[in-house]
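J.: Here is the input, now give the coordinates:
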Amino acid sequence: MSEGDSAGESIHGKPSVIAAFFTGIGQVYQSWLDKSTPFYAVRWAATLLLTAVYMIRVYLLQGWYIVTYALGIYHLNLFIAFLSPKVDPSLLDEDEGPSLPTKQNEEFRPFIRRLPEFKFWHSATKGIVIAMVCTFFDAFNVPVFWPILVMYFIMLFCITMKRQIKHMIKYRYLPFTHGKRTYKGKEDTGKAFAS
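T.: Numbering: from 1, shown residues only. This is a model prediction of the structure:
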């Protein structure tokens, strides 16, 4: 490979000014993402606020319904991936790989999502920002009878969620956990040390 063949390098082998600029922007962006990771409530509140601004914009402009429909489908797809286990139990045989506990005396294994919460939030927020940018271009304002899109979306949502809930019931998993699971034994060992 000769000098300057790799992406972002100039003829002399040094990174170009443009590549250095975008690398710096990417590092600052990643730094902000890393700092925001533990603040899930604030992240989701900001995303809901951004969603409200987007919806108000679409309502006031009276257009861009196709973009909104596509955004809704994209969010539904993300939500289904968020609710789904990383390893689909329907694809596993009984003897292969890890499985979810089906009996009371089996070992508890935590639910591992196909799409983690942070990636779900990040993808949903990026989708809203992209949809917001699309509302600034008339090319995306396709005339359509919006009540039909609403009915399509409601039908799709109901069918998809029904299938997902049936899958959850069949393979006995719950995608939401609240803290560590505790069991009460016959004796409380803490009382023995207190006296």
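J.: CA only for contacts and neighbour counts going forward, please
T.: Noted.
J.: Show me where the protein has its helices.
T.: Secondary structure of the chain (DSSP state H): helices at 17-36, 40-61, 65-83, 117-134, 146-170, 189-194.
J.: Rebuild the ones you listed as a markdown table, extending it with distance to Phe140 and mean pLDDT.
T.: Shown next, in a markdown table, are those (distance: least, CA to CA, whole Å; pLDDT from 0 to 100):
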| stretch | distance to Phe140 | mean pLDDT |
| --- | --- | --- |
| helix 17-36 | 28 | 92 |
| helix 40-61 | 12 | 96 |
| helix 65-83 | 7 | 95 |
| helix 117-134 | 6 | 96 |
| helix 146-170 | 14 | 92 |
| helix 189-194 | 65 | 48 |
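J.: For those, give me a markdown table that also has distance to Phe176 and mean neighbour count.
T.: As requested, the helices of the chain are exported to a markdown table (distance: least, CA to CA, whole Å; neighbours: other CA atoms under 10 Å):
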| stretch | distance to Phe176 | mean neighbour count |
| --- | --- | --- |
| helix 17-36 | 22 | 12 |
| helix 40-61 | 15 | 14 |
| helix 65-83 | 8 | 18 |
| helix 117-134 | 11 | 17 |
| helix 146-170 | 11 | 13 |
| helix 189-194 | 29 | 8 |
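J.: Is it possible to get JSON lines of these that adds distance to Leu91?
T.: Output for these, formatted as JSON lines (distance: least, CA to CA, whole Å):
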{"stretch": "helix 17-36", "distance to Leu91": "34"}
{"stretch": "helix 40-61", "distance to Leu91": "32"}
{"stretch": "helix 65-83", "distance to Leu91": "16"}
{"stretch": "helix 117-134", "distance to Leu91": "23"}
{"stretch": "helix 146-170", "distance to Leu91": "12"}
{"stretch": "helix 189-194", "distance to Leu91": "42"}
